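> Predicted coordinates and the sequence they were generated for:
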Amino acid sequence: MTTPPFPPNTILISPRNVAHQLGCQHNDETEIRSDEHSGWGWIPEATAEQWKGVGEDRPLRATHGETSRGATTRCKHCPSGWAPGS
Ligand SMILES: [Zn+2]
């Protein structure tokens with residue numbers, strides 16, 4: 001199963017429940033889409049509020065891929081200045 005390319009505002013959620021932005025060195029987006037990196041979930045067209053709202057008490061639930069994922073922390077190495085929707 002191969003998924004089309006992610007929209008620019010996608011948030012990826014790793015198997016360790018860490019939220020990542022596109023372009024992060026930790027992501028291999030091609031492999032995630034081709035299902036070679038199983039266990040990842042994602043949210044296409046995510047908002048800045050969703051990104052900022054990720055937290056232990058408010059897991060951000062994936063809507064695609066592995067939808068049992070709920071991000072509880074944000075990656076600290078993701079590209080800075082990401083502003084979805086702008
Ligand atoms: Zn990252």
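Nice, thanks for sending it over. If you're wondering where the values come from, they're calculated on a predicted model, not measured in any experiment.

> Off-centre distance for the helix or strand of the chain with the lowest mean pLDDT?
Within the chain, no helix or strand scores below helix 29-33, which has a mean of 83 by mean pLDDT, DSSP states H and E. Relative to its parent chain, helix 29-33 has a centroid offset of 12 Å by Cα atoms, centre = their mean, to the nearest Å.

> Return the residues in contact with residue 32.
Residue 32 makes contacts with 12, 40, 42, 65, as judged by Cβ atoms under 8 Å, 6 or more residues apart in numbering. Heads up, the C-betas are built off the backbone N, CA and C, glycines and all.

> out of these, who's nearest the ion?
Taking Cβ to the ion as the measure, the ion sits nearest to residue 12 out of those, at 8.0 Å.

> Next one: the closest one from residue 67, what distance?
13 Å (Cβ to Cβ, to the nearest Å).

> Return every residue with contacts to both of the two.
With Cβ under 8 Å, 6+ apart, residue 12 and residue 67 have common neighbours residue 41.

> Make sure residue 16 is indeed in a strand.
No - counting by DSSP: H, G, I helix; E, B strand; the rest coil, residue 16 is not part of a strand but coil.

> Distance of it relative to residue 43?
For residue 16 relative to residue 43 (Cβ to Cβ), the value is 17 Å.

> Derive a PyMOL selection command for the buried subset of the contacts of residue 32.
Only the buried entries of the contacts of residue 32 go into this PyMOL selection, using 16 or more other Cβ atoms under 10 Å:
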select buried, resi 12+40+42+65
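
> For residue 52, state which of the contacts of residue 32 is nearest.
residue 12 (16.1 Å; Cβ to Cβ).
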